[in-house]
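[1] Just a sequence and a predicted model for now, questions to come.
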Amino acid sequence: MLTGGYYCKAIRYRLPDQTFDATICYCDMCRGTSGAPCVAWLSVASEHLELLQGTPARFRASSHATRTFCATCGTQLTFVDDASPGETGITTCSLDSPDAVPPDDHTFLDDKVAWLVLGDGLPRFRRARSEG
Ligand SMILES: [Zn+2]
């Protein structure tokens, strides 16, 4: 079982250990909504995300996706694409133990800022993993 929440602790959640698609995403949407050069994500079956406390704020981040965040401290928590409502992306670093789910790869490198240099040897994808 994995646990996490927002930085201010207003919201807490729980997940099973069975996560998938752990990645570090460099897309312009992650960059713009976080104010950071990239965001680490893991995915779970949406039905397995269990909110224990609090209610996240939500917004349409694009024409095809909804993101949630904490209205108090601003921590971003989830991403759900309209095309895949059964999967929920969760920010890895909102886990209490982010080291429990290391990334498998890097995605959307076409959007990466030039000054961030990668050196971990993980697979890299110019766009989504499914796009190669
Ligand atoms: Zn992204």
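    Cool, the structure landed.
[2] For the rest of this, base every contact and every neighbour count on C-alpha atoms.
    Fine.
[3] ok, stretch 90-104 near the ion or not?
    No: remark: stretch 90-104 sits outside contact range of the ion, by C-alpha under 5 Å from the ion, the gap being at least 10.5 Å.
[4] pLDDT averaged over that stretch - what is it?
    Per-residue pLDDT values over stretch 90-104 give a mean of 97.
[5] Mind exporting the C-alpha coordinates of that stretch to CSV?
    This file holds the C-alpha atoms of stretch 90-104, laid out as CSV (Å, rounded to 0.1, in the frame of the first residue of the first chain):
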residue,chain,number,x,y,z
ILE,A,90,-0.7,10.5,-9.9
THR,A,91,2.3,12.8,-9.2
THR,A,92,5.0,10.5,-7.9
CYS,A,93,6.4,13.1,-5.6
SER,A,94,3.0,13.5,-3.8
LEU,A,95,3.7,10.1,-2.3
ASP,A,96,5.0,9.9,1.2
SER,A,97,7.9,7.8,-0.2
PRO,A,98,8.6,8.8,-3.8
ASP,A,99,11.5,6.4,-3.9
ALA,A,100,9.0,3.6,-3.8
VAL,A,101,8.1,4.1,-7.5
PRO,A,102,11.1,5.2,-9.5
PRO,A,103,10.5,6.2,-13.1
ASP,A,104,10.7,3.7,-16.0
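[6] Now it: buried residues?
    Buried positions in stretch 90-104, judged by neighbour count with 16 or more other C-alpha atoms under 10 Å: 90, 91, 92, 93, 94, 95, 96, 98, 101, 103.
[7] What parts of the chain come near the ion?
    So the chain meets the ion at 25, 27, 30 (C-alpha under 5 Å from the ion).
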